[in-house]
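S.K.: sequence-free structure coming up:
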């Protein structure tokens, strides 16, 4: 079988104009970015608001193994299949980050015959949204240090600036830095650090804003730190939010591309679900619901991370309600979570598989019982899956009353996910989903963490050092207790320790740091050793990426 | 008169498709970025190569006063005027940097009725080229520190890494930093710093490359520092150049926009002329010459900076030859260089004006005698210029045998620059230009500096501390002596001291730092206190920029 990029490069794409027309969007309501990408100009489509909403399908997964389980691939395949069975469908994905593209995991545009295209563009700059978000973030950073340098009228305490800088790159050397060295002309020296763009609060604000106006308001609310007098300092105090909004005014329009089978796809925003809230933008999802019968969207990593935040943050803020949920599993990940060596995942190992099912069971329990959603398990097929393995999983889940569907969209495109599509339609039309939050607004911040940790992660307790507890108590006292929480933790385990695979018991969720996001309106709790700036591996993907004289890219996957 | 942004927002733009058609470029040979911007796909236009070249007109200026002298405005007005008198014309400009946009100077898309549009897009992200250049640069940075972290097989000496990081922002606090703090997991601590993107060697390579293939080759040649064993380490050694090229493969295509009068404009690349080589891309200029009878292009700041580098770097590398040159002057700048207070430049001051003419004279001498170009002086008119002032300048220059033309394109558009256009055509058709370099390849690096300093800047001597001289000697010995030099110095004076206005005498050009650019194929000599990362002023432009609920930007100029 050809590589992902070969399949993508051989595909015959429709001009994006034709994809838009399928959605009823005329030429003057989209803005082209090359032939195969466009932004949807919502201001040019006011009649959309009065249309009824389509059904919303959430794709989530078991805890991943390091190569990932094909959640995006399944989202694409399911979208293509729904179109094939006569349901007009739009898929909604987050945009890829260049960190993984040049690092270890590679791109994030699906794989095999279930991809969004043009895959090179999507995986590299796309329409420039991440660059805009990075600049808006870093403009605020520059304005903070500039304010301190030019007399510091607001009395900003350089020791209490919590607003870092960002870059869309895996660059561990920037995690912890000292800036402003070199004497008076270079400003006030202080400790600082860089996060990857997907962890930026500007990214979260971008993804949660309901309009340009709401975006501007939220950017103004961002708290960058505290004054010597203990006052919170906002982006509005620095008069930075207008210019930040100007930098984002085009980015905030949803991006339209297509799958290999010409299913329309909105890719917009891209927070990681391990270090951020992990869902594509509210604007894209709400727009998509007006454009199709079905919208298939993805929440990052396992159902403990992206799906929990999808429900507790994105749905809570926006009023969205999923009609059904797909939990993606692979034999590979089940064996990994059953203790198999990561190098041996392609070999049959029924014992490991049996042991790993505990991970899938817990995710299914979370989705159905805690999130209140009807769900189907989709087995994303790999060529080395054996009949015995598949039979084991099907039998086991059937005993629990959970339907398992095999999906072969990677090899066959939408045709390979027809069964999955039919089951999804059955669930959505049956109307059995009654979404529930894991915690209520009125719960305290610490109690919110406990509810997620105990109910969703299966933890026995939660812990934070005294200093962190004091910060949480201060945020509660300062009036931020009604915010949802956004937990940053490893994606590889229900616990905060990546090494604890499967379904760990008696684990304690440990909070290392807390960040108030007053623009995004949530409180980030960073657990254990999760990093908000990744590093590159010894042999980064970047080493293999190249371009020939005709501009054809190779080595991107 | 309305503000620049009001004029720009009221303009009726052609769909960029129609602008392309005027140039004979069909729909399938451009890539749209919204309705009013496009990239020209050169691969789709192979027949261009066989077309004859148009005439090339270089627009330069006297030494500026802080607000700038309207060189871009004149370039735009002249282009519009040439079209009005029946010469098909394309203008070529650099892209604006967000540093000045959010800092002090504002945007760089012209002004009044001589602008390129859409001005907000052009001044903000435009088509994403700067973001691509920044990412390509910073990817190499991340790969350097990652290589050192993971065993350092190449033996890179962290003390000798000269490759910094970049950001398209005025951010003084990033000039000098320490990275890699926080222990083993965050890499090797070392000194580092950020330049503004326009100073990046990737920007220079981008602007000097003749093709995608040449771009890749040059990126591979970049020397990032030295090993413990004293070996130069290249981007190729780190296997970074393929991925860097992939990041630039779309950016390298020239951007097409239009003036308010629908004259086609290629805006591409954007090195500053004070800290870099200051000219738009070779690819854009050579493309434009195939598309029109006349190409008007600009080289940044005064004729001592941009124009010298245009001749000695850009023309030398590309074979380009200007047919005539326009030296832009304003009453304001002449009075400034005659010693007038910067707050009093709008008032008549014949004494200061008379004194300031020495600056203009020297620039004209440089252009005609040292660069060998026929030239006309264009007075960019302001409403407060007096008859007496204009008469004084005209009389004085006439005595020197230099033609002075008044140009009022700011208030009147192309109509205001008809006289200038006629004189430019006369000069270009007369064929009196015989371009000369200031120095030859065979001159040593130190001698090259001396020739520019003495002949162009009117310096009496040049100086570098012993350590810097040793670096220059080493570069000479290492085989880089045939490279041109790229002098970084203040734009406000012929000398390296911004306070020395007019025509300073007996000044010494002092080199503070030297950088080898083995990809761009020149040696940067940084003089006196010029900074490769600017800072924001006490009241940055960013404070005034805002967006209303309909997405209309205000406060950008």
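M.R.: In hand now; what should we look at? Source: prediction; values computed, not measured.
S.K.: Count the neighbours of residue A:349 for me.
M.R.: The local packing of residue A:349 (other Cβ atoms under 10 Å in any protein chain shown) involves 21 other residues. C-beta here means a position set from N, CA and C on the backbone, and glycine is covered the same way.
S.K.: contacting residues around it?
M.R.: Taking Cβ atoms under 8 Å, 6 or more residues apart in numbering or on different chains, we find residue A:349 in contact with A:335, A:338, A:340.
S.K.: Quick check: phi and psi on the closest residue to the last one other than its chain neighbours?
M.R.: The one in question is residue A:340. In space, residue A:340 comes closest to residue A:352 once its chain neighbours are excluded; the distance is 4.0 Å by Cβ to Cβ, 6 or more residues apart in numbering or on different chains. Main-chain dihedrals, residue A:352, degrees, to the nearest 10: phi -60, psi -40.
S.K.: my read: residue A:352 touches residue A:339, true?
M.R.: Yes - the criterion here is Cβ atoms under 8 Å, and residue A:352 meets it with residue A:339 at 5.6 Å.
S.K.: which one of these two has more residues nearby?
M.R.: Regarding residue A:352 and residue A:339, a neighbour count based on other Cβ under 10 Å identifies residue A:352 as having more, with 22 against 13.
S.K.: Which pLDDT value belongs to that one?
M.R.: As predicted, residue A:352 sits at a pLDDT of 97.
S.K.: give me every residue that touches it.
M.R.: Contacts for residue A:352 (Cβ under 8 Å, 6+ apart) come out as A:334-336, A:338-340.
S.K.: switch to 6 Å and redo it
M.R.: The contact partners of residue A:352, by Cβ atoms under 6 Å, 6 or more residues apart in numbering or on different chains, come to A:335, A:338-340.
S.K.: Can you report how many residues lie near residue A:211?
M.R.: Residue A:211, neighbours per other Cβ under 10 Å, totals 13.
S.K.: how close does it sit to residue B:486?
M.R.: The spacing between residue A:211 and residue B:486, counted by Cβ to Cβ, to the nearest Å, is 47 Å.
S.K.: For the strand ranked longest in chain A, give me every contacting residue.
M.R.: Criterion DSSP state E: the longest strand present in chain A is strand A:508-517. Contact with strand A:508-517 is made by A:201, A:223, A:453, A:459, A:461-464, A:468, A:471-472, A:475, A:496, A:523-528, as judged by Cβ under 6 Å, 6+ apart.
S.K.: does any bit of stretch A:256-275 sit next to chain B?
M.R.: No - shown here: stretch A:256-275 not in contact with chain B (Cβ under 6 Å from any Cβ of the partner chain), separated by at least 13.3 Å.
S.K.: ah, wrong one, I meant stretch A:137-149
M.R.: Yes - under the criterion of Cβ under 6 Å from any Cβ, stretch A:137-149 makes contact with chain B via A:138, A:142, A:145-146.
S.K.: and if you look at stretch A:194-205?
M.R.: No - judged by Cβ under 6 Å from any Cβ, stretch A:194-205 and chain B are separated, with a smallest distance of 9.1 Å.
S.K.: Quick one: end-to-end distance for that stretch.
M.R.: 18 Å (Cα to Cα, to the nearest Å).
S.K.: before we move on, what about stretch A:297-313?
M.R.: 15 Å.
S.K.: and if you look at stretch A:458-465?
M.R.: Per Cα to Cα, the first residue of stretch A:458-465 is 21 Å away from its last.
S.K.: same check, this time on stretch A:309-326
M.R.: By Cα to Cα, one end of stretch A:309-326 lies 16 Å from the other end.
S.K.: Out of the contacts of residue A:352, grab the one that's most surrounded.
M.R.: Within these, most neighbours by other Cβ under 10 Å means residue A:335, with 27 neighbours.
S.K.: That residue: which element?
M.R.: Using DSSP states H and E, residue A:335 falls within helix A:331-337.
S.K.: which strands and helices sit next to that helix?
M.R.: With contacts taken as 3 or more Cβ pairs under 6 Å, 6 or more residues apart in numbering or on different chains; DSSP states H and E, helix A:331-337 sits against helix A:350-365.
S.K.: ok and the residue in the stretch 201-350 of chain A nearest chain B?
M.R.: For the stretch 201-350 of chain A and chain B, the shortest gap (Cβ to the nearest Cβ) falls at residue A:242, measuring 3.3 Å.
S.K.: burial count for that residue?
M.R.: 23.
S.K.: got a list of what the residue of the stretch 451-557 of chain A found nearest chain B touches?
M.R.: For the stretch 451-557 of chain A, the residue closest to chain B is residue A:546, as judged by Cβ to the nearest Cβ, at 3.3 Å. Residues near residue A:546 by Cβ under 6 Å, 6+ apart: A:554-555, B:242.
S.K.: of all the residues you listed, which comes closest to residue A:161?
M.R.: residue B:242 (38.1 Å; Cβ to Cβ).
S.K.: just checking, residue A:357 touches residue A:398?
M.R.: No - taking Cβ atoms under 6 Å as the definition, residue A:357 is not a contact partner of residue A:398, at 12.0 Å.
S.K.: and these two? which has more neighbours close in?
M.R.: Taking other Cβ under 10 Å, residue A:357 and residue A:398 do not tie; residue A:357 has more neighbours (21 against 11).
S.K.: Kindly provide the distance from that one to residue B:152.
M.R.: In this view, residue A:357 and residue B:152 are 44 Å apart by Cβ to Cβ.
S.K.: ok, now residue A:375?
M.R.: When residue A:375 is compared with residue B:152 (using Cβ to Cβ), they lie 49 Å apart.
S.K.: Looking at those two, which one has more neighbours?
M.R.: Shown here are residue A:375 and residue B:152; by other Cβ under 10 Å, residue A:375 has more neighbours (27 against 14).
S.K.: residues contacting the more buried one?
M.R.: A:325, A:327, A:367-368.
S.K.: same check, this time on residue A:490
M.R.: Contacts of residue A:490 by Cβ under 6 Å, 6+ apart are A:498, A:530.
S.K.: coming back round to it: give me phi/psi at the nearest residue in space to the residue of the stretch 451-557 of chain A closest to chain B that is not next to it in sequence?
M.R.: Using Cβ to Cβ, 6+ apart and skipping residues adjacent in sequence, the residue nearest residue A:546 is residue B:242, 3.3 Å away. Residue B:242 adopts backbone torsions of phi -60, psi -50, taken as degrees, to the nearest 10.
S.K.: so residue B:242 touches residue A:545, yeah?
M.R.: Yes - assessed by Cβ under 6 Å, residue B:242 is found in contact with residue A:545 at 5.3 Å.
S.K.: Residue A:160: which element?
M.R.: Using DSSP H and E, residue A:160 maps to strand A:156-161.
S.K.: That strand vs chain B: in contact?
M.R.: No - using Cβ under 6 Å from any Cβ, strand A:156-161 stays clear of chain B, coming no nearer than 10.0 Å.
S.K.: and residue A:345, what does it touch?
M.R.: A:332, A:335-336.
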